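Q: A predicted structure for the sequence below; I have some questions about it.
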Amino acid sequence: MERILSELKSIKTFGDVEVVKTDKDNKSPNKGAQVESRQQSNIHNMTMNIFTKTKINIGKLISDMICLTNERVLVVEEKGKVNILSSDGRFQKQLPISDKPYGVTQIDKDNIAITFPDRNDIKIFNMETETVTKLITLDKSCMGLSFFKNSLAAGLNKDEIRIIDLEGNKLKSIQVKSISYLEYLVYCHARVIYTDYKDKSVY
């Protein structure tokens with residue numbers, strides 16, 4: 001969670017972000033050693049103040065969005081269009097992607113990976129040539145996606161986070177019990193952080 005707070009404080013794309021963390025005093029008469037929990041983080045005692053808002057002209061619900069390495073913003077309309085915006089929210093171009101995209105992650109400067117839950121697919125797409133360079137077919141519906149060091153963490157249905165290489169080979173399977181679909185996750189340094197929005201929790 002401290003890593004998340006540090007990253008939030010460094011965000012500059014849409015303006016300054018101030019994170020205020022409130023420590024809860026349990027007022028226990030017998031204070032023992034504090035044990036760090038690796039299972040779940042309670043976010044109810046945190047507030048985040050956004051000082052700058054940028055209006056974007058998107059007609060549908062946004063299922064995912066990422067800041068690209070060139071400071072542009074890629075926005076996925078839920079099972080709709082994939083748009084690239086400037087850092088101040090101005091439309092630049094629409095990528096020719098069909099088949100109801102949902103989640104997205106950036107692989108390198110030119111390539112992104114996009115999930116298609118209705119087809120159980122992940123497509124690797126080159127933004128410069130505007131072509132699909134690889135198709136990965138899974139045995140479950142995939143929504144959330146995150147990239148780290150030549151591998152992808154894919155959120156499958158409500159019960160599995162699967163680590164795969166860029167050829168689609170399974171490297172690791174993490175079994176989870178989520179009330180909501182695994183739509184939002186972050187994969188970094190061999191750890192996966194995911195949200196269960198119906199349970200209002202971050203794991």
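A: Received it, and whenever you're ready, just let me know what you need.

Q: Check which helix or strand the spatially closest residue to residue 163 that is not a sequence neighbour maps to.
A: Using Cβ to Cβ, 6 or more residues apart in numbering and skipping the chain neighbours, the partner closest in space to residue 163 is residue 172 (4.1 Å). For glycine as for every other residue, the C-beta is placed from the backbone atoms N, C-alpha and C. Counting by DSSP states H and E, the element that carries residue 172 is strand 170-175.

Q: Tell me which other helices or strands whichever strand or helix holds residue 75 touches.
A: Secondary structure from DSSP H and E places residue 75 in strand 73-77. Packing partners of strand 73-77 (3 or more Cβ pairs under 8 Å, 6 or more residues apart in numbering; DSSP states H and E): strand 62-67, strand 82-85, strand 104-106.

Q: Tell me what angle the helix or strand where residue 113 lies forms with strand 62-67.
A: For residue 113, the element it lies in under DSSP H and E is strand 111-116. Relative orientation of strand 111-116 and strand 62-67, computed by axes from the mean of the first three to the mean of the last three Cα atoms, to 10 degrees: 170 degrees.

Q: Go ahead and name everything in contact with strand 111-116.
A: Applying Cβ atoms under 8 Å, 6 or more residues apart in numbering, the contact partners of strand 111-116 are 66, 74, 76, 82, 97, 99-107, 121-127, 133, 142-145, 147, 152, 154.

Q: Just the C-alphas of the next helix or strand after it, formatted as PDB.
A: Counting by DSSP H and E, the element after strand 111-116 in chain order, helix or strand, is strand 121-126. Presented in PDB, the C-alpha positions along strand 121-126 are these (Å, rounded to 0.1, in the frame of the first residue of the first chain):
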ATOM      1  CA  ASP A 121      -9.000 -13.600 -26.200                       C
ATOM      2  CA  ILE A 122      -6.100 -11.300 -25.600                       C
ATOM      3  CA  LYS A 123      -4.800  -9.400 -28.600                       C
ATOM      4  CA  ILE A 124      -1.400  -7.700 -28.800                       C
ATOM      5  CA  PHE A 125      -1.800  -4.600 -30.900                       C
ATOM      6  CA  ASN A 126       0.900  -2.300 -32.500                       C
END
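
Q: ends of stretch 65-78, how far apart?
A: Stretch 65-78 has an end-to-end distance of 10 Å (Cα to Cα, to the nearest Å).
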